[in-house]
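Visitor: could you look at this predicted model? Sequence included:
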Amino acid sequence: MNIWLAFIILLVGFVFLVKGADFFVDGASNIAKYFKISTLVIGLTVVAFGTSLPEAAVSITSAIQNVDDVSLGNVIGSNLFNLLLILGVSALVFPVSVSKQIVKRDLPYSILGPILLIGMIYFFHESNNQALIRLEGIILLLFFSLYMFITMRGALKQPNLETYEQDESSTIAMSKSKAWVLTLIGLVGIVLGGIMVTNGAKTIALYFGMSEWLVGLTVVSLGTSLPELVTSVVAAVKKENDIAVGNVVGSNIFNIFLVLGISAAISPISLTSQVIFDIIFLIIGSIALMGLIIFRKGKLGRIEGSLLTLMYIGYFIYIFMRDFR
């Protein structure tokens, strides 16, 4: 692909992402009201799944093509981007309130994911090489099924009517059919924009001589995480806190358990020596986030947003120095 064409695709992709996220947040939050489902559940499931589709498309395609560095690097890099930069930027734009349910159930589950990966890396081997094999992929998918069961059972048992009532004035009322149309158009825009940005950015990065692992961990993961970034920032501005936070936490759970699970089930994923540090940093970042939320009693303000953003910038600088060294 011509380098100038790659830049054009990148810019057009950004436009699709921004407008798609705007439509998607409005549509999804209104659907939640019509069905009297809390926006937290919508954020953790529908929005999280929609914004994780670019990661799924890239990682599963990479697994089929045996491009393991891109497949795994995309997931780990996306989760770090979601956790530190997206929540950090969202809190900088507008202070975010975090639901107790996320702290008690969803954040611990998102921490379990990378811890499980570390255990799998050390206990399962294929041809004397560290790898994620098909059995591990199936195990990850089983954990994902358990998470979805717990989430939906909680939604059916205790529908968050208070959230429903509080959010009534936070979005523009629209008909049910219009809400569905907006959600679908937004989803298409998010996915298409994510793919366009990823392809354009990847071409630009390879043009400048970056390794496949670094491309997967940075450019591809940033490109596929742009839907989460735009969606969460837009949701924060619209004061849809449950969508802003639920989208990020839910996407991280989807990426580890569903996307990586499917990828490993399709084809075993070989691991590089660098992956251990990146997964451990993901665990540290997740625990740090939970600690900040608990310390601030469910609030992420601009100070916390700055700390999370600085953590990601420091990590980003380190992995570039590591790769080129």
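Guide: Happy to help now that I have it.
Visitor: any idea how far the residue nearest to I293 when sequence neighbours are not counted is from A236?
Guide: Nearest non-adjacent residue to I293, counting by C-beta to C-beta, 6 or more residues apart in numbering: V98, 5.0 Å away. (Each C-beta comes from the backbone N, C-alpha and C, glycine too.) Relative to A236, V98 is positioned 12 Å away (C-beta to C-beta, to the nearest Å).
Visitor: could you do I280 as well?
Guide: Using C-beta to C-beta, I280 is found at 29 Å from A236.
Visitor: quick one, which of these two is more surrounded?
Guide: Neighbours per residue (other C-beta atoms under 10 Å) separate I280 from A236, with A236 holding more: 26 against 13.
Visitor: so where does that one fall, helix or strand?
Guide: Using DSSP states H and E, A236 sits within helix 221-237.
Visitor: next one: that helix to chain centre, how far?
Guide: Remark: helix 221-237 is offset 9 Å from the chain centroid, using C-alpha atoms, centre = their mean, to the nearest Å.
Visitor: that one packs against which elements?
Guide: The contact analysis (3 or more C-beta pairs under 8 Å, 6 or more residues apart in numbering; DSSP states H and E) places helix 221-237 against helix 3-34, helix 48-64, helix 68-80, helix 87-93, helix 176-207, helix 241-253.
Visitor: same for the second one, what does it pack against?
Guide: This means helix 48-64. Looks like helix 48-64 contacts helix 68-80, helix 176-207, helix 221-237, helix 241-253, helix 260-266 (3+ C-beta pairs under 8 Å, 6+ apart).
Visitor: quick one: closest of these to R296.
Guide: Of all these, it is helix 241-253 that lies closest to R296, at 13.2 Å by C-beta to C-beta.
Visitor: helix 221-237 and that closest one, what's the angle between them?
Guide: With axes from the mean of the first three to the mean of the last three C-alpha atoms, to 10 degrees applied, the angle from helix 241-253 to helix 221-237 works out at 160 degrees.
Visitor: C-alpha coordinates for helix 241-253, CSV please?
Guide: Extracted C-alpha coordinates of helix 241-253, given in CSV (Å, rounded to 0.1, in the frame of the first residue of the first chain):
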residue,chain,number,x,y,z
ASN,A,241,-20.3,6.8,33.5
ASP,A,242,-21.4,3.1,33.5
ILE,A,243,-20.8,2.9,29.8
ALA,A,244,-17.5,4.8,29.9
VAL,A,245,-16.0,2.4,32.6
GLY,A,246,-18.0,-0.7,31.7
ASN,A,247,-16.9,-0.5,28.1
VAL,A,248,-13.2,-0.5,29.1
VAL,A,249,-13.4,-3.2,31.7
GLY,A,250,-15.7,-5.3,29.6
SER,A,251,-13.5,-5.0,26.6
ASN,A,252,-10.4,-6.2,28.5
ILE,A,253,-12.4,-9.2,29.7
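Visitor: angle of it against helix 3-34?
Guide: 120 degrees.
Visitor: next one: helix 241-253 to chain centre, how far?
Guide: 8 Å.
Visitor: that helix packs against which elements?
Guide: Looks like helix 241-253 contacts helix 3-34, helix 39-42, helix 48-64, helix 68-80, helix 87-93, strand 96-97, helix 107-123, helix 221-237 (3+ C-beta pairs under 8 Å, 6+ apart).
Visitor: try it again at 7 Å.
Guide: Using 3 or more C-beta pairs under 7 Å, 6 or more residues apart in numbering; DSSP states H and E, the elements in contact with helix 241-253 are helix 3-34, helix 39-42, helix 48-64, strand 96-97, helix 107-123, helix 221-237.
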